[in-house]
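Asks: 3D model of this:
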Amino acid sequence: QLQLVESGGGLVQPGGSLRLSCAASGFTLDSYAIGWFRQAPGKEREGVSCISTSGGSTNYANSVKGRFTISRDNAKNTVYLQMNSLKPEDTAVYYCAADEARFCTPEYDYWGQGTQVTVSS
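Replies: Down below sits the predicted model:
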């Protein structure tokens, strides 16, 4: 059974940091491009970042450029999203998704269940 599990969310003060993890089970991530998405209450889901299978190609939404960093450790079958300088507007449920493609893609086949990130003082 193919499964993605996100972890690392929580409550953090503005300006703080969190690192999200996306772990795969039932398949190996090294053949999959991975995307991170988020959805805030009352808003549409938006793409945050994505990474190619090798990790050599990454993309970021303008709203997170310079603050978030995506990375992957294929040996650990895990992709990470390091989030620094967090703002209240980063509050959302964060999801990771996988697609059997080398590079970032608009559509993803497999999705995790999400992890809540709340940025508040």
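
Asks: what number of residues lie near the residue nearest to Leu11 when sequence neighbours are not counted?
Replies: Among residues not flanking Leu11 along the chain, Thr118 sits closest, at 4.7 Å (Cβ to Cβ, 6 or more residues apart in numbering). C-beta here means a position set from N, CA and C on the backbone, and glycine is covered the same way. Thr118 has 15 neighbours, counted by other Cβ atoms under 10 Å.

Asks: List the residues that contact Thr118.
Replies: By Cβ atoms under 8 Å, 6 or more residues apart in numbering, the contact set of Thr118 is Gly9, Gly10, Leu11, Val12, Thr91.

Asks: Please identify the helix or strand for it.
Replies: Using DSSP states H and E, Thr118 falls within strand 115-119.

Asks: For that strand, the averaged confidence score.
Replies: Strand 115-119 carries an average pLDDT of 98.

Asks: partners of it, with directions?
Replies: In the sheet, strand 115-119 lines up against strand 10-12 (parallel), strand 92-99 (antiparallel) (DSSP bridges).

Asks: Quick check: which of these has the most neighbours on average?
Replies: Highest mean neighbour count of the strands paired with strand 115-119: strand 92-99, a mean of 22 (counted as mean count of other Cβ atoms under 10 Å).

Asks: Now the element after that strand, going C-ward?
Replies: Next in sequence after strand 92-99, counting helices and strands by DSSP H and E, comes strand 110-111.
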